[in-house]
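Novice: Quick one: sequence and predicted model below, then my questions.
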Amino acid sequence: MKNELLKRLFEAKGEPVSGQEIADQFGLSRTAIWKYVKELESEGYEVGTVRKKGYYLITAPDRVDEVNIHKHLTANRYGKTIRYFDTCSSTQIIAHEEAQSGVPDGTVIIADEQTTGRGRMLRPWSSVAGKGIWMSVIARPTLTPQQAPQLTLVAAVAIIRAIEDLTGIEAAIKWPNDILVDGKKITGILTELQADPDQVKAIIIGIGMNVNQEAADFPEELHAIATSLKMLTGKSVDRAQLVAKILGFLELYTDIYVKNGFSPIKLLWEGYSNTTGRRIRAVMLNETIEGVALGISDEGVLQLKLDDGSIRGIYSADIEIPN
């Protein structure tokens, strides 16, 4: 009921909403509606009253809950179902549990804070409360398990487009899963799979994005390698609006991939790549090699031309730019 009241306050765009009419419609007392208003105020919403007319919304906090995201959402499936947490251990862990329970395609698990956020290879991810986007999207595309890794690259393109569309910032993709601006990391993507031998059941796309952090919000060891949208633009960004844009582009490009194959996404990805044409170092579990990045294959594999002229496909590695 609280979400329904908030939805109506948003839709009214500053005009009064009758508490009595809502109470009558849902069989509640005026006192119950008043209590919901007080709950909203305790969460940071500023609600005014007009005698004999009702409640109106004055200001809203920067929250990434269902109502705030839905007022910006244009996607048909992605984000229609949202589970929001003030704080949780990891949205990725919850998303795996939810995926197994059969939630619909495009379900989003999002938190204002994560206590044990993680990236690739179980590396910790700093998830400051109220400052970033920490979410996992449960996608159920009609793909084989062999096609699933390309969803990381699809997500990277969607995030780049969303950032550009909302802020005008030109970001770049560092293969396979980092979004950078001016060489500093702003977003990480973690894609995990639930599948049968021949069919994808769910792909869990974890997204961690630095949005409204100040430099002081990052640990000292991250100052040289991490940044945020606010640090780049000098102003706060509406996180819920950015989430909605990411979901819209993610649905769009996932559908293009499923329908038309990876080629259209590959062209976009290579246009945003910060590695293509550059000499890079690929640090893998058992070896480290250097060469010139030629781009990616139709399977999303990084193609590295070694000094002896041979071409090496890189499936998983940390990429460094040699001095």
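Specialist: Received the coordinates, thanks.
Novice: So what's the gap between the helix or strand where K266 lies and the chain middle?
Specialist: Applying DSSP states H and E as the criterion places K266 in helix 263-272. Centroid displacement of helix 263-272 relative to its chain, using Cα atoms, centre = their mean, to the nearest Å, is 19 Å.
Novice: so what does it touch, helix or strand wise?
Specialist: Contact here means 3 or more Cβ pairs under 8 Å, 6 or more residues apart in numbering; DSSP states H and E; on that basis helix 263-272 packs against helix 150-167, strand 172-174, helix 239-260, strand 288-296. C-beta here means a position set from N, CA and C on the backbone, and glycine is covered the same way.
Novice: list the buried ones in the third one?
Specialist: By that I understand helix 239-260. 239-254, 256-257 (16 or more other Cβ atoms under 10 Å).
Novice: Between helix 150-167 and it, find me the angle.
Specialist: When axes from the mean of the first three to the mean of the last three Cα atoms, to 10 degrees is applied, the directions of helix 239-260 and helix 150-167 differ by 140 degrees.
Novice: what's the answer for the last one, then?
Specialist: Interaxial angle, strand 288-296 versus helix 150-167 (the same axes, to 10 degrees): 70 degrees.
Novice: quick one: contacts of strand 288-296?
Specialist: 153, 175, 266, 269-270, 273, 275-282, 302-307, 311-312, 322 (Cβ atoms under 8 Å, 6 or more residues apart in numbering).
Novice: Can you tell me the strand partners of it and which way each runs?
Specialist: Paired strands of strand 288-296, with direction, are strand 279-283 (antiparallel), strand 302-305 (antiparallel) (DSSP bridges).
Novice: Name the residues of it that are buried.
Specialist: Quick answer for strand 288-296 (16+ other Cβ under 10 Å): G291, A293, L294, G295, I296.
Novice: out of those, which one sits closest to G261?
Specialist: Taking Cβ to Cβ as the measure, G261 lies nearest I296 of these, at 13.7 Å.
Novice: sorry, back to before: mind listing what's buried in the helix holding K266?
Specialist: Residues of helix 263-272 classed as buried: I265, K266, L268, W269, E270, Y272 (neighbour count, 16+ other Cβ under 10 Å).
Novice: returning to that earlier point: can you add distance to I69 and mean pLDDT and give the helices and strands packed on helix 263-272 back as JSON lines?
Specialist: Formatted as JSON lines, the helices and strands packed on helix 263-272 follow (distance: least, Cβ to Cβ, whole Å; pLDDT from 0 to 100):
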{"stretch": "helix 150-167", "distance to I69": "13", "mean pLDDT": "96"}
{"stretch": "strand 172-174", "distance to I69": "24", "mean pLDDT": "93"}
{"stretch": "helix 239-260", "distance to I69": "5", "mean pLDDT": "97"}
{"stretch": "strand 288-296", "distance to I69": "31", "mean pLDDT": "94"}
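Novice: count of neighbours near L28?
Specialist: 15 (other Cβ atoms under 10 Å).
Novice: my read: it touches Q20, true?
Specialist: No. If you go by Cβ atoms under 8 Å, L28 and Q20 don't touch, sitting 10.2 Å apart.
Novice: SS state for N212?
Specialist: Three-state assignment for N212 (DSSP: H, G, I helix; E, B strand; the rest coil): coil.
Novice: What's the per-residue pLDDT of it here?
Specialist: With respect to pLDDT, N212 has a value of 95.
Novice: what sits against it?
Specialist: D62, G130, K131, G132, S228, L229, K230, S236, V237, R239.
Novice: cutoff 6 Å now
Specialist: Applying Cβ atoms under 6 Å, 6 or more residues apart in numbering, we find N212 in contact with K131, K230, S236.
Novice: Which residue in the buried residues of helix 263-272 has the weakest pLDDT?
Specialist: Least confident of these in the model: E270, at 91.
Novice: how close does that residue get to A172?
Specialist: Separation of E270 from A172 (Cβ to Cβ, to the nearest Å) stands at 11 Å.
Novice: How far off centre is stretch 265-285?
Specialist: Its chain's C-alpha centre and that of stretch 265-285 lie 21 Å apart, by Cα atoms, centre = their mean.
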